[in-house]
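Visitor: generate a structure from the sequence data that follows.
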Amino acid sequence: MPYFSGQGRVYIGARDALGNPQGLAYVGNVPELKVSLSVETLEHQESVSGQRLTDLQLIKTKKGEFACTLEELIATNLALALYGATTAQTPGTVTAEALPNPVTPGSLYLLAKQDVSSVVVKDSSATPKTLPAAQYSVNAKHGSLVILDATTGGPYVEPFKVDYAYGTASVTAMFTQPLPERWVRFEGLNTADGNREVVIDLYRVAINPAKELSVITDELLKFELSGQVLADTLKPAAGDLGQFGRIVLL
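Guide: I've put the predicted structure just below:
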């Protein structure tokens with residue numbers, strides 16, 4: 001019997017102007033992938049027999065839903081989950097980045113970049129005074145610092161200004177992109193049928209933002225991508241491919 005239990009790889013990518021898939025990106029381990037189909041119907045009941053029997057059913061709409069659980073916090077997945085664009089931070093230096101005026105000892109102050117090094121804090125006097133390194137604490141990877149003592153060795157003229165170098169990072173900003181429509185492909189194996197290969201294509205999926213990112217938890221992070229499978233009207237309705245998607249058993 002051709003029972004099915006699937007495993008495999010999920011790829012998601014953009015479509016070109018003709019609706020064809022461009023380069024698709026592997027999204028990492030996916031422990032759960034679901035495709036749901038439904039129709040909305042209009043029913044008619046006759047009014048002759050006294051039983052109000054349904055004698056006609058018309059399909060009003062056809063819908064498809066897609067959902068998958070992602071486990072890997074990579075740039076491709078974050079861009080989809082956050083409606084964002086990922087940029088690569090390249091190494092560089094910053095000079096005289098001003099801290100809020102005045103600073104409050106013990107408070108955390110954020111620098112514009114992360115993965116910082118060679119941090120020097122100076123005041124704003126005509127001949128700047130350097131704040132001794134023992135009077136502030138740097139969270140180098142996170143790009144922040146705490147002023148511990150803003151008086152010893154002074155007086156200092158605020159605002160304090162920070163010079164530093166910074167390294168590489170991958171930065172994904174939230175909600176900077178429109179609703180993404182993506183081609184989704186599953187290249188999998190039916191482990192209940194001798195690892196028989198299977199392909200599933202969804203031609204046009206409108207991806208929803210992630211409902212939640214459980215950042216602090218005792219479990220490994222998982223987050224869901226879901227969306228509506230839209231009709232690809234660039235494909236003929238009567239064609240072999242259909243307009244929503246296809247399943248290929250190999």
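Visitor: quick one: strands adjacent to the longest strand seen in the chain?
Guide: In the chain, taking DSSP state E as the definition, the longest strand is strand 54-70. With DSSP bridges as the test, strand 54-70 is paired with strand 32-45 (antiparallel), strand 223-229 (antiparallel).
Visitor: could the ones you listed go into TSV alongside mean neighbour count and mean pLDDT?
Guide: The way it works is simple: take the backbone N, C-alpha and C, and place the C-beta from them, glycine included. As requested, these are exported to TSV (neighbours: other C-beta atoms under 10 Å; pLDDT from 0 to 100):
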stretch	mean neighbour count	mean pLDDT
strand 32-45	12	92
strand 223-229	19	93
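Visitor: among those strands, which comes closest to Ala14?
Guide: Smallest distance to Ala14 across the strands paired with strand 54-70 (C-beta to C-beta): 14.2 Å, for strand 223-229.
Visitor: which residues make contact with the longest strand of the chain from outside it?
Guide: Residues outside strand 54-70 that contact it (C-beta atoms under 8 Å, 6 or more residues apart in numbering): 10, 27-28, 30-46, 77, 81, 184, 202, 205, 222-231, 244-245.
Visitor: CA atoms of the next helix-or-strand element following it as CSV?
Guide: Where DSSP states H and E defines the elements, the next helix or strand beyond strand 54-70 is helix 75-81. C-alpha atoms of helix 75-81 as CSV (Å, rounded to 0.1, in the frame of the first residue of the first chain):
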residue,chain,number,x,y,z
ALA,A,75,19.0,35.4,7.0
THR,A,76,16.7,33.8,4.4
ASN,A,77,14.2,32.7,7.1
LEU,A,78,14.3,36.0,9.0
ALA,A,79,13.7,38.1,5.9
LEU,A,80,10.5,36.1,5.2
ALA,A,81,9.3,35.9,8.9
